[in-house]
Every structure is written in structure tokens, then in C-alpha cells.
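Participant: Pasting the sequence and the predicted coordinates here, then a few questions.
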Amino acid sequence: MNKSILLILFFFIPFRGIIAQNSKQSDFIFPTQSWEKLKQPDTLGWDIEKLFELQQFVNYETNLTGLMIIYNGKVLFEFGDTKEVSDLASCRKSVLSIMYGKYVANGIIDLHKTIGELGIDDVVKLSEIEKTATIKDLMTSRSGVYHLSTNTDRNSIIPTRNSKQPGTYFIYNNWDFNVAGYIYEQQTKMNIYDALEKELAKPLQFEDWDKNKQEREVFGDHWESKYPPYHMWLSTRDMARIGYLMLRNGEWNGEQLVPKEWIRKTTSLITPVKEVKISEPRVANWDWWKWGYGYMWRVWDSNEEIRDELKGAYSATGAWGQYITIIPSLNLVVAAKTKSEYRRGTNKETYLTLIDKLVDSHFDFVAKQNEIKNNLKIVSAKIIDVRMNQNSADFFKYKFEYKDKEYFGWSCTNKDNVGGKSFLVSFDSLNPKQSFIDLDYRVEKFMDNRDSKTYRTIEIGKQIWLAENFAYIPFVCELDSNKCGVWVYGYNGTNVEYAKSTIEYQKYGCLYSWEQAKQLCPEGWHLPTDEDWSELEKFIGISGLINDTLLNHISWRGENQADLLKNGGQTGFDILFAGWRGGTGKFNNVEIHANFWVDTETSDYGAMERLFNSNNGKIGKYWGNKNCGFSVRYIKDKE
């Protein structure tokens, strides 16, 4: 198997809004026919450089054949063949525990009933003491029944028969789990695989469910016990759905499939790590082992020295390297598969190292964002190194300069051909190593062949705009002249070279009449229409736009979104307040107003404009006399 197959996808909204960390239940995202991919996790609290290191660890230190990491209901990380169906091994036990919940809640299954009352016996008769074990004892692996099981791998380490009272001693005992499967069928009157299909596969919309592949023990020694294991065959991506059901406390897309109280109960700590180490000699010497036991789930023991993020976390585990892990504090689900037919495993120590590396990759994005906001700087960054992946999502490294020093960052994308291109990067001026690149804002250059002047351009959504005021000046008018339609703020004359030497020209470019704004447009570009401006306004978050064409008064749009377009705002549009020239021959409001022509007429003598005020976060839609001098931002023609 080619271990370069990896998928990490993501979404970026730089400083336009914070992703809620504590969603209401109704706000949860659930997969439908397939999982949705996350886009740009560096803006959701994931360190891309560390995720890249995680990828390397998965490639070279594990034998995993499938891995899915789900964050907030979307795929953060995908590796291998997640569609391949294979044996869950002992993860089946945790799945069975989920299936118990509904029937415990409605009273069909009574956890306090003894196996004697249920008529349970085996090849070698059970003693009267053993028959006092309850269903709860079986599910928590504390039955005290040490009859041999068909899973012969653990028969050699179980205690002597009748040496422990039921409920008093933990040992991981396959006999308990196998009998729990039998009792489920006995009490519910349902075949376990019919129930799996009805209770989980169909409601959760398993993508790779095949009931024909489900079968009971095919390897074990049926001379030892008459209770075979109920093996389950699922894909990695369907294991992730089971984990996500647990993360959402048994709720799936508005329906409570498993009682919330049962989810809490089954993943509560019954047997602490200290007690596990008494009955498991190997575990006693493993400092890294932090799992206690609940109801067929391995539970991180908060009494041990564990990281805060893993408090409340729990896992299903299976031989050869099958895992489903739920980390509620981070809204994470990890589903990992190592196909046993390859006779290579991923042991628990290696898997827990993977979990640590994953948790290490997470940071408090809101806190970091606020830090950067306080000292925000925005420049362009160039992508210098792209690590290609077969699943089309690429890690990349970018470089930017600040105060004559170079800084680097990591991100990732599923966009094609980003290598060598430049985009906006936001960073903390006090700590430039804290940065985020925004692939929604691509920075390029455009040269006007008429005067060889180069302009910075910015790609915002699906539009490419000039990121500087237009400054082509084939001629210049005196202030009181309406004949030629080109002016430079503060200059009253006709000498082009002198006008170009002024500070106002170099900073603000030119002011144009509406007719000259249209006529002087460079090839391949156009004066933006009202629809073009509305598309930009929608992209930066202004909703409820009204197609107001009468314009008897200024229509102010949005709340504070205009700030995103101003110089130093997060879009790179960099509006400067160049003022305007009145139709009667007067310069007005430099450093206060920025007026831009719109290629939409309102009358024979008027045309639309967009108005920005240095003290107002809204965008004004109004009209101006065509003889006025306004700034111009052209937009590139769409191919």
C-alpha cells in the first residue's frame, strides 16, 4: 500500500468570524452519504507543521491501513483505504455496548439480572457462585467466571475458577464479552447482525455496510465454550460514524438513537488503571498505559497523570491495531484500522503516541487570533515548497518578509497549482512566526503597457481587483475644467510630469470623470458594475443587499465590513481616502472620503458610486455627477 495517500482539507475565514467552539446541539454537523472535508484547519486551531509531522509518523512508524480523524463533524485527516472492510476485532465489544443502551433504558435488558436467572451455562458447568454474576459484571469484565473461551489467546492468564467473587475483580475476559453478545440476542429476540443493521448501519448511513460479511467466530476453539465471538466487519469511515455518534452523546441529526445517559454510563470509569495493572502483568510495566475500563470501553483515567485534553476521552481497541477514540474536549473522533490479513499490527503504545501527536497539533485559535489582532500586520507571502499528496490535498510552506527579515509558515490546500504564487498573510508584528495565510486573497501584479506602471492586484473570492487606485495620466485638467476628465488632488494645472511628481499622485493616483474612467480602462479589465460591487460586498459578509436604484439618499450597507477593505484591512484591498473633485471645480475631503465610480448609470448626468468614510464601517451606495472626479478600481474581465 502506498503510504503517501493522505487527505487534509480545510476552510479559511481570516478574521471575518470566529468558529464557535461550543456549538449548540442543533448546530452540530452530521455526515450524509459521505463525510465533508475540512478546509484549512490552521484557522480552526490546527498547527499544519505538526500535522505534517503526524503524517510522517503515520507513514513511517505505524502499519495503519486506514485512518480518519473527524473534527467538529468534518474530516481533518484521512489516510489509506478508508473504504476497505475488515474485522473490527475487539472494537466489536464497544459497538455491542452502544447497542445495549436502548434496551437497558426501556427495561428489556436488566443489568442486575444474574446469568443464573438467564439460564447461562457452558461446556464445563458453572458453579452457583459464578451464576450470581450479573449482566453488568459481564459488560465491565468483572464477572468472576473464568471458564475457558473460544478466544484461546487469553485463556492462559485467567485466574482459577471460583477464586474471585463476581463484581470484585477486573480482568479482560473474552468469556464475559461473548456471553454478553448471547444475552443481547436472548433478551431482545434479535439476531445481533440484524440489530447492528437496524440500530446503527442504516440510521448512521454506513457507506460500506455489507451484512453478508458479518459472521460469528470462525477461528476459535468451540470445544472450550459454546459462546462464540460475534465478529464485525466495517470500514474505517463507518467506524468514524460510530465514534461520532458517541461524541454527540447518542444523537444523530436530530434523533436520539442511544440514550444520552447510557453514553455517559458506558464510558464512565469503573476500573481504574491501578486495578487494571494488578490483573494484567504486562500493563503493570507500561508507564504509558493510562486506560482504565468502563462498560466495554477503555477510559482514560483522570486519576493518573494525563494531559487535560484526554480527561473524559475513551477508546475502543482491537487486536492488530483497530481503534475508535473519542476526545470530547477537542470535538475529535479518531478511527484507525490495521487490516489483520496483512499480519502486521499497530500496537497500543504506537497508537497512543499518534494520539499525543494529534493533540499536540491543536492550539487555541481564538486566543492566537486575538493576539494577532492586537498587533496585526498584513503582507503578501509566496508559497515556496509544496508537498504533493495523491489525494490532491497538499501541505505547503510559505515565506514572507517583515522589517528586512524572512519568516516562514505552513498551511495546506486542495487547490491546484498554488506553488510559486503569492497570497495575503496575516501575522503578529511582535511575533511574526504566528501567521495565517489566506488562499482567498491571491496577490499578483499587473502592468499597464501604456505607461509601464505596475499595480498590485488582489483576488477576492472569484474576482480580481486592482489593489491600488488607478493612476494612468495621459493628460491632466485644471481644477475648474470639465473638458478632459483627469485630475490629481491638490494640483491645479495641465503639466503631466509635474502632476506625477506630487505626493498626492504618488499616494492616491488620479481622480477621473465617469466617462474617462470608462475610456481609459486597460485591456482585459473593466469599470466594476453595481453587480460586481455587490458580489464583493456579499463575499466580505454583507447580507440582505437591496437592489436600490432610485438612490434619493445614500444607502449604507453592512455594519463594519468596510473596514476589511480599507488600508490595513484583512482583504488587501487597501482603500485610501483620496477625496474627490466636485463637478463645479473643488477638491473635497481628502483623508476622509474615498469615492469609486460604478459602471451603472442612474440618469443622463449621473452614475453610481461606492462611498467609504474613514469614520464609518459601512459602505455607501450613492450616485454622483458624471463630471465629478472619483477614484477608480478596475476589475479583471472573467475568462
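Facilitator: On my side now, so go ahead.

Participant: Any stretches of the stretch 501-639 of the chain with poor pLDDT?
Facilitator: 545-553 (pLDDT under 70).

Participant: run the last query once more with 90
Facilitator: Under the criterion pLDDT under 90, the flagged ranges of the stretch 501-639 of the chain are 541-560, 567-572, 583-584, 638-639.

Participant: quick one: the helices in it?
Facilitator: Using DSSP state H, counting those that start in this stretch, the helices assigned to the stretch 501-639 of the chain run over residues 503-508, 514-519, 530-539, 562-565.

Participant: Any chance of CSV for those, columns mean neighbour count and distance to residue 312?
Facilitator: In this view, the C-beta of every residue, glycine as well, is placed from N, C-alpha and C. Below are those laid out as CSV (neighbours: other Cβ atoms under 10 Å; distance: least, Cβ to Cβ, whole Å):
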stretch, mean neighbour count, distance to residue 312
helix 503-508, 16, 57
helix 514-519, 19, 61
helix 530-539, 18, 39
helix 562-565, 22, 38
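
Participant: Present those helices as TSV; the columns should include distance to residue 101.
Facilitator: TSV is the format used below for the helices of the stretch 501-639 of the chain (distance: least, Cβ to Cβ, whole Å):
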stretch	distance to residue 101
helix 503-508	68
helix 514-519	68
helix 530-539	45
helix 562-565	48
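
Participant: Ok, which of those helices comes nearest residue 256?
Facilitator: helix 530-539 (37.3 Å; Cβ to Cβ).

Participant: Give the other helices and strands that the closest one contacts.
Facilitator: Judged by 3 or more Cβ pairs under 8 Å, 6 or more residues apart in numbering; DSSP states H and E, the packing partners of helix 530-539 are strand 463-466, strand 593-601, strand 619-625.

Participant: what separates that helix from the chain centre, distance-wise?
Facilitator: Here helix 530-539 is found 27 Å from its chain centre; the criterion is Cα atoms, centre = their mean, to the nearest Å.

Participant: and what of stretch 371-387?
Facilitator: Stretch 371-387 has its C-alpha centroid displaced from the chain centroid by 20 Å (Cα atoms, centre = their mean).

Participant: So for stretch 130-145, first residue to last residue, what's the gap.
Facilitator: With Cα to Cα, to the nearest Å as the measure, the ends of stretch 130-145 fall 5 Å from one another.

Participant: if we can go back for a sec, with distance to residue 350 added, can I get the helices and strands packed on helix 530-539 in JSON lines?
Facilitator: Listed next are the helices and strands packed on helix 530-539 as JSON lines, based on distance: least, Cβ to Cβ, whole Å:
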{"stretch": "strand 463-466", "distance to residue 350": "48"}
{"stretch": "strand 593-601", "distance to residue 350": "59"}
{"stretch": "strand 619-625", "distance to residue 350": "55"}
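
Participant: out of the helices of the stretch 501-639 of the chain, nearest to residue 213?
Facilitator: Comparing these by Cβ to Cβ, helix 530-539 comes nearest, at 47.4 Å.

Participant: On the pLDDT front, check the closest residue to residue 223 other than its chain neighbours for me.
Facilitator: Nearest residue to residue 223, sequence neighbours excluded (Cβ to Cβ, 6 or more residues apart in numbering): residue 123, at 7.2 Å. Note for residue 123: predicted pLDDT of 94.

Participant: circling back to that earlier point, of all the helices of the stretch 501-639 of the chain, which one is nearest residue 365?
Facilitator: helix 562-565 (19.0 Å).

Participant: what about residue 104, is that helix, strand or coil?
Facilitator: Three-state assignment for residue 104 (DSSP: H, G, I helix; E, B strand; the rest coil): helix.

Participant: ok, it touching residue 112?
Facilitator: No - with contact defined as Cβ atoms under 8 Å, residue 104 does not count as touching residue 112 (10.5 Å).

Participant: Tell me which of those two has more neighbours.
Facilitator: residue 104 (22 against 9; other Cβ atoms under 10 Å).

Participant: contacting residues around the more buried one?
Facilitator: Residue 104 sits next to 110-111, 259, 262 when contact means Cβ atoms under 8 Å, 6 or more residues apart in numbering.

Participant: Next, give me the two most distant ones among the residues you listed.
Facilitator: 110 and 259 (15.2 Å).

Participant: coming back round to it: residues touching the residue nearest to residue 223, list them.
Facilitator: 147-148, 223-226.

Participant: now those in a markdown table, with neighbour count, distance to residue 419 and secondary structure?
Facilitator: Formatted as a markdown table, the contacts of residue 123 follow (neighbours: other Cβ atoms under 10 Å; distance: Cβ to Cβ, whole Å; DSSP: H, G, I helix; E, B strand; the rest coil):
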| residue | neighbour count | distance to residue 419 | secondary structure |
| --- | --- | --- | --- |
| 147 | 23 | 63 | coil |
| 148 | 20 | 61 | coil |
| 223 | 9 | 63 | coil |
| 224 | 18 | 61 | coil |
| 225 | 24 | 60 | coil |
| 226 | 13 | 63 | coil |
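
Participant: now those as JSON lines including distance to residue 478 and pLDDT?
Facilitator: Converted to JSON lines, the contacts of residue 123 look like this (distance: Cβ to Cβ, whole Å; pLDDT from 0 to 100):
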{"residue": "147", "distance to residue 478": "106", "pLDDT": "95"}
{"residue": "148", "distance to residue 478": "106", "pLDDT": "92"}
{"residue": "223", "distance to residue 478": "109", "pLDDT": "78"}
{"residue": "224", "distance to residue 478": "106", "pLDDT": "87"}
{"residue": "225", "distance to residue 478": "104", "pLDDT": "91"}
{"residue": "226", "distance to residue 478": "106", "pLDDT": "92"}
